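Colleague: Let me see the structure of the following:
(one chain, ligands or ions: 2)
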Amino acid sequence: MTAFRSVAVIGAGAWGTALATVAARAGRNVTLWARNAEHAARIQSTRDNPRLPGVRLASDIVVTSDLAAASRAKMLLIATPAQHLRGVVNMLASHLTTPVPIIACAKGIEHGTHRFMTDVIAEAAPRAQPAILSGPSFADDVARGLPTAVTLAARDDALASGLVQALGSPTFRPYHSTDIRGVEIGGAAKNVLAIAVGIAVGRKLGASAQAALTTRGFAELTRLGRALGARSETLTGLSGLGDLILTCSSPQSRNFALGLALGRGEQPPAGKLAEGEFTAPVLIELAASQGIEMPVSEAVASILAGRSTIDAAISGLLTRPFKAEE
Ligand SMILES: NC(=O)C1=CN([C@@H]2O[C@H](COP(=O)(O)OP(=O)(O)OC[C@H]3O[C@@H](n4cnc5c(N)ncnc54)[C@H](OP(=O)(O)O)[C@@H]3O)[C@@H](O)[C@H]2O)C=CC1
Ligand SMILES: O=C(CO)COP(=O)(O)O
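Modeller: Numbering: from 1, shown residues only. Ligands and ions are numbered 1, 2, ... in the order given. Presented below is the predicted three-dimensional model:
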């Protein structure tokens, strides 16, 4: 028996919709909140969300734009883009009367403040119990019931375990952890690294380069993680290496697809959220503030900001001094 009978998912994009399906499959009473009243009403009546085409929402998921109603759930999942998480949690905070777990499901770092998602939750909703869910999980796969495993971290192990029990099912297997920071770093950094690998694939640098770049990307993710106190088993776990492998190997990833288009000299796919684009500049600022070298992420940030051409960035990476592997 779980204490968390009801779940509200805040943000009715692809991931929020998939997570609502996950929670319904796990037997929870589910509310899915969309910011736009018309969209909410349309999804509620058609059971179909154009943000996740081809997925039929279970009949018992309630779709609403009423935030006060959604905030009455026993646990809340936030699935808006990372840069909008603070705004939505600010709005939620005024409705919270008791301590409630708020699970960040966005992957990113806030611009300006360099705050990770659970820090933003703690600041915006001091009554909340912040947690983070991240790992290899394409919304479409998850919504269709294809199996995967992710990491769910909260400061308190018993809480993390309870949240896992509430959301887990044979096809969505969360592992619990207390290493919040480790989980957040993996989710944020892998999106930036996936853009780099997409670019290399788009430039036809070959399968060996794809593997080498993914591995060196992991090395820099690990360096930053260690500097910020992440545990190595988290960095090599589902939310770190696991999600990096997924995102750096599949055009199904919007971040990889963005890189692929850039590498081919094509227009990036329109209207697709690629969080790595927003995370890249903050990630390298954060790394610089810690004295950590992240050359692959720096190359991505330079290309996206127009400070470097793709060819110059690739050449810069390939001509770095030889050094010990670490
Ligand atoms: N898609 C995936 O496979 C996965 C995504 N994620 C993460 O989940 C997060 C969301 O991604 P995803 O769902 O795919 O993105 P989408 O672009 O599909 O959806 C984003 C949703 O957020 C809503 N939104 C945007 N701005 C605001 C705001 N200011 N206030 C409230 N709601 C807002 C949008 O509303 P509207 O429809 O009205 O524009 C939309 O419903 C990202 O951080 C992503 O990295 C994590 C794992 C898997
Ligand atoms: O985070 C994801 C898979 O775990 C989704 O990846 P994209 O945001 O690159 O599509």
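Colleague: Please name the strands paired to whichever strand or helix holds residue 151 in the sheet, noting orientation.
Modeller: Assigned by DSSP states H and E, residue 151 belongs to strand 148-154. According to DSSP bridges, strand 148-154 forms sheet pairs with strand 129-134 (antiparallel), strand 172-177 (parallel).
Colleague: from the middle of its chain, how far away would the helix or strand just after that strand be?
Modeller: Per DSSP H and E, strand 148-154 leads on to helix 157-167 as the next helix or strand towards the C-terminus. Centre-to-centre, helix 157-167 and its host chain are 19 Å apart (C-alpha atoms, centre = their mean, to the nearest Å).
Colleague: what's next to helix 157-167, contact-wise?
Modeller: The contact list for helix 157-167 (C-beta atoms under 8 Å, 6 or more residues apart in numbering) reads 2-4, 7, 22-23, 26, 28, 75, 101, 103, 129, 131, 133, 152-154, 174-178. Any C-beta I mention is one placed from the backbone N, CA and C, and that applies to glycine too.
Colleague: Tell me which ones among those residues also neighbour ligand 2, please.
Modeller: Filtering those for proximity to ligand 2 by C-beta under 6 Å from any ligand atom leaves nothing.
Colleague: residues touching the residue nearest the centre of the chain, list them.
Modeller: Computing the C-alpha centroid of the chain and ranking residues by C-alpha atoms, centre = their mean puts residue 107 first, at 2.7 Å. Contacts for residue 107 were tallied using C-beta under 8 Å, 6+ apart; they are 82, 117, 134, 187-188, 190-191, 275, 279.
Colleague: For stretch 201-211, give the distance from the opening residue to the closing one.
Modeller: Stretch 201-211 has an end-to-end distance of 10 Å (C-alpha to C-alpha, to the nearest Å).
Colleague: So which bits of it are buried?
Modeller: Judged by neighbour count (16 or more other C-beta atoms under 10 Å), stretch 201-211 contains these buried residues: 201-203, 205, 209-210.
Colleague: do that stretch and ligand 2 meet at all?
Modeller: No - contact of stretch 201-211 with ligand 2 (C-beta under 6 Å from any ligand atom) is absent, the minimum separation being 13.8 Å.
Colleague: Pull the distance from that stretch to the chain's centre.
Modeller: 25 Å.
Colleague: Now that stretch: average pLDDT?
Modeller: For stretch 201-211, mean pLDDT is 98.
Colleague: which other residues reach it?
Modeller: Taking C-beta under 8 Å, 6+ apart as the rule, stretch 201-211 contacts 197, 200, 248-249, 256, 259-266, 310, 314.
Colleague: Show me those that map onto helices.
Modeller: Counting by DSSP state H, these place 197, 200, 256, 259-264, 310, 314 in helices.
Colleague: And those, which is closest to ligand 2?
Modeller: residue 256 (6.1 Å; C-beta to the nearest ligand atom).
Colleague: okay if I get the ones in helices among the contacts of stretch 201-211 as a markdown table plus distance to ligand 2 and neighbour count?
Modeller: Formatted as a markdown table, these follow (distance: C-beta to the nearest ligand atom, whole Å; neighbours: other C-beta atoms under 10 Å):
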| residue | distance to ligand 2 | neighbour count |
| --- | --- | --- |
| 197 | 11 | 30 |
| 200 | 16 | 24 |
| 256 | 6 | 27 |
| 259 | 10 | 33 |
| 260 | 11 | 23 |
| 261 | 13 | 18 |
| 262 | 14 | 21 |
| 263 | 15 | 22 |
| 264 | 17 | 14 |
| 310 | 19 | 18 |
| 314 | 21 | 21 |
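Colleague: Make a markdown table out of those and add distance to residue 168.
Modeller: What follows is the ones in helices among the contacts of stretch 201-211, written out as a markdown table (distance: C-beta to C-beta, whole Å):
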| residue | distance to residue 168 |
| --- | --- |
| 197 | 30 |
| 200 | 36 |
| 256 | 27 |
| 259 | 32 |
| 260 | 33 |
| 261 | 36 |
| 262 | 37 |
| 263 | 38 |
| 264 | 39 |
| 310 | 42 |
| 314 | 42 |
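Colleague: Just the closest of the residues you listed to ligand 1, please.
Modeller: Of the ones in helices among the contacts of stretch 201-211, the one sitting nearest to ligand 1 (C-beta to the nearest ligand atom) turns out to be residue 256, at 11.7 Å.
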